[in-house]
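1. my questions are about this predicted structure, shown below with the sequence.
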Amino acid sequence: MLDFQVQTTLDDGTPVLIRPLRPEDHDDILSGFQRLSPHTRYLRYSSVSAKLTPDDLNTLICQDETKCLALGAADLRRPGHYGMGVARYMRCDEEPNTAEIAIVVVDEYQGRGLGSLMLDLLITIARKNGFHTLSGYVLAENRAMIRMLKRVHAHFRSLDGGMIRIDIPLLESSQLKKVVGL
Ligand SMILES: CC(C)(COP(=O)(O)OP(=O)(O)OC[C@H]1O[C@@H](n2cnc3c(N)ncnc32)[C@H](O)[C@@H]1OP(=O)(O)O)[C@@H](O)C(=O)NCCC(=O)NCCS
């Protein structure tokens, strides 16, 4: 079980703590999900009415980073360490060297560098765990996510229905924007 925490500040000075999610975070994950706007839910799940399923929750509190890992970010200035976002990878059954990624940042914290920070951490940890590629599916209109992925040299392939398949090769050296001590 991976046990670490990173304390840093976002671009605007917001102090943030990032660590792997644990089973006791169950209620905070649900309350963070409730705070996502319909637009953010649409960009993340391709549906404004998406709900977190028991399977989704189990993936987020998975305690084996060789299969899946979810990082949670909390605002250290808010009582109870208010949840700011989640980034996770999950090993693909059919391609064991590949993990699928997803990232969401609560609306009020978007655009402050948190998504990029969590993506860099996921890449570092996935590489250490032997993954060769992080992949995912992104809506073509998702400018913030696509910009973030270009920075880490993702490959893009357009699919039907306004979706893009992305692959981040982990064997190449990525020029990470931030060094966070992992
Ligand atoms: C995509 C997302 C995770 C990015 O997180 P974030 O904390 O807002 O991103 P950052 O602040 O690190 O910014 C990442 C890049 O996007 C740019 N950006 C941020 N918001 C943007 C916007 N609304 N439009 C265009 N670009 C934007 C930033 O300038 C930055 O680019 P740069 O590194 O070249 O300066 C976040 O916006 C989000 O949760 N969106 C909804 C869910 C989603 O789309 N998930 C991805 C699919 S799994």
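-> Yep, that arrived.

2. check contacts around the residue in the chain that the ligand sits nearest to.
-> Of all residues in the chain, the one sitting closest to the ligand is residue 115 (2.1 Å; CB to the nearest ligand atom). For every residue, glycine as well, the C-beta is placed using N, CA and C. Going by CB atoms under 8 Å, 6 or more residues apart in numbering, residue 115 touches 85, 87, 103, 105, 144-145, 148.

3. please apply the same query to residue 84.
-> Residues in contact with residue 84 (CB under 8 Å, 6+ apart) are 16, 32, 73-75, 105-106, 109, 114.

4. what about it, is that helix, strand or coil?
-> Recorded secondary structure, residue 84: strand (DSSP: H, G, I helix; E, B strand; the rest coil).

5. also residue 66?
-> coil.

6. could you pull up phi and psi at it?
-> With angles defined as degrees, to the nearest 10, residue 66 sits at phi -80, psi -10.

7. what sits against it?
-> With CB under 8 Å, 6+ apart, residue 66 has these contacts: 91, 129-130.

8. contact residues of this structure facing the ligand?
-> Proximity of the chain to the ligand, by CB under 6 Å from any ligand atom, involves residues 40, 43-44, 102-105, 110-116, 136, 138, 142-145, 147-148, 151.

9. tell me which of the residues you listed fall in strands.
-> Secondary structure from DSSP state E places 102-105, 136, 138 of those in strands.

10. which pair of those spans the longest distance?
-> Farthest pair in these (CB to CB) is 105 and 136. Separation: 15.3 Å.
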